[in-house]
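>>> have a look; sequence and predicted model below, questions after that.
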Amino acid sequence: MVTYITESAKETQALGRRLATELRPGDVLLLTGDLGAGKTQLVKGIASVLGITEAITSPTFNLMLEYRGGDGELLRHFDLYRLESPEQLEDIDYFGLLEAGDAVSVVEWGDKFPEALPVCYRLVRFSILTQDMREIVVEDIGKPGESDG
Ligand code: ADP
Ligand code: MG
């Protein structure tokens, strides 16, 4: 578990760039924290490392937006904020897409339904400390061999 403090949206984007260097297709990042905590800012940083030049906005109404980088890297950006029941996840083949292994998946409000968590993911928890300060805690969940050191 690693804790970061950022003091601007730019710093949170920079943290996203840093985390992105460790991400491979098939990896899942779950982002949790209140509205305005900076989840989408982190995704912007991740997208830039993947060579994605499109503007990143929360896919609140679409549930999922897909972006492709210059070298073919794929980013699937989910936002479950408006999801009303976990059954709706089946309509978009949520778990099928997470397991497809062809893309990095990032899920805002990914913990909305505890019964619908992926098996293995990197959890990124945002807390708003002040207007511009965020605490961002990164933790790997369900990784095999995690306790082997
Ligand atoms: P979320 O996706 O969690 O709802 P956004 O990333 O869309 O949040 O918005 C975060 C808002 O907070 C932006 O307006 C951003 O400029 C502002 N902000 C202020 N300080 C920070 C920080 N340290 N990290 C991220 N965003 C920040
Ligand atoms: Mg957002």
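Received it, and whenever you're ready, just let me know what you need. Ligands and ions are numbered 1, 2, ... in the order given.

>>> look up phi and psi at the closest residue to ligand 1 within the chain.
Residue nearest to ligand 1 within the chain: residue 38 (2.7 Å; C-beta to the nearest ligand atom). For every residue, glycine as well, the C-beta is placed using N, CA and C. Main-chain torsions, residue 38, degrees, to the nearest 10: phi 120, psi 10.

>>> wait, doesn't it sit right on residue 11?
No. The pair residue 38 / residue 11 is not scored as a contact, 9.3 Å apart, by C-beta atoms under 8 Å.

>>> these two - which one has more neighbours?
More crowded of residue 38 and residue 11, by other C-beta atoms under 10 Å: residue 38, with 26 against 19.

>>> if we can go back for a sec, now the residue of the chain closest to ligand 1, nearest residue through space, not along the chain?
Nearest residue to residue 38, sequence neighbours excluded (C-beta to C-beta, 6 or more residues apart in numbering): residue 12, at 4.5 Å.

>>> my read: that neighbour touches residue 42, true?
Yes. Between residue 12 and residue 42 there is a contact under C-beta under 8 Å: 5.4 Å.

>>> more crowded one of these two?
It is residue 42, of residue 12 and residue 42, that has more neighbours when counted by other C-beta under 10 Å, with 30 against 23.
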